[in-house]
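S.K.: Just a sequence and a predicted model for now, questions to come.
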Amino acid sequence: MKSVLFPSALVGVLTLLAGCVSQAPEPINPRNLAQSAVADTHLGWKPAPANQLSYSLATSTGIARMEMRELPVDLQAVTIELPGMRNIEGIQWRGASGDHAMLFDGAEGMDGVTVERQHRGYLLQVRGTALESIRSGGHLTVIDYYRN
């Protein structure tokens, strides 16, 4: 009886381990790719197509900062709603490795960055070359001219 039970138990354990190894990795939850970096910044996640991220970033002081983790390689666009911003003075990026860039200087954005005025606030889109510069993760800071 012992000799029959042991081999079948061994086969069961090996099958279980093989199943664990062959499973595909769990997809990244977009909600976990960004978080507020200052206490008064409120970050909301919005559903978007699989190759895009969409967030809403609001603040009471006019300076909003979000921390972004490394972005997936198949991601093609990041869209951020900026409700309540009245006149964006600048959008800055500081990468995890220390590199930095001015994504928007109040008048125009770098290649791949669009800032569109909406009824209440702005809509920021980052694609192409600009997306590649922020893909490794870091901090995004949005500064409104009319801050407190």
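M.R.: Now that the structure is in, tell me what you want to look at.
S.K.: which residue ranges form the strands in the protein?
M.R.: 34-36, 41-46, 52-59, 63-68, 77-82, 88-95, 100-104, 113-118, 121-127, 138-144 (DSSP state E).
S.K.: and residue 28, which of these is closest to it?
M.R.: Comparing these against residue 28 with C-beta to C-beta, the closest turns out to be strand 52-59 (10.1 Å). To be clear about C-beta, it is placed using only N, CA and C from the backbone, and glycine gets the same treatment.
S.K.: Can you give me the distance of the nearest residue to residue 142 once chain neighbours are set aside to residue 52?
M.R.: By the measure of C-beta to C-beta, 6 or more residues apart in numbering, the closest residue to residue 142 outside its immediate chain neighbours is residue 64, 4.6 Å from it. Distance, residue 64 to residue 52, using C-beta to C-beta, to the nearest Å: 20 Å.
S.K.: For those two, indicate the residue with more neighbours.
M.R.: Between residue 64 and residue 52, counted using other C-beta atoms under 10 Å, residue 64 has the larger neighbour count: 27 against 15.
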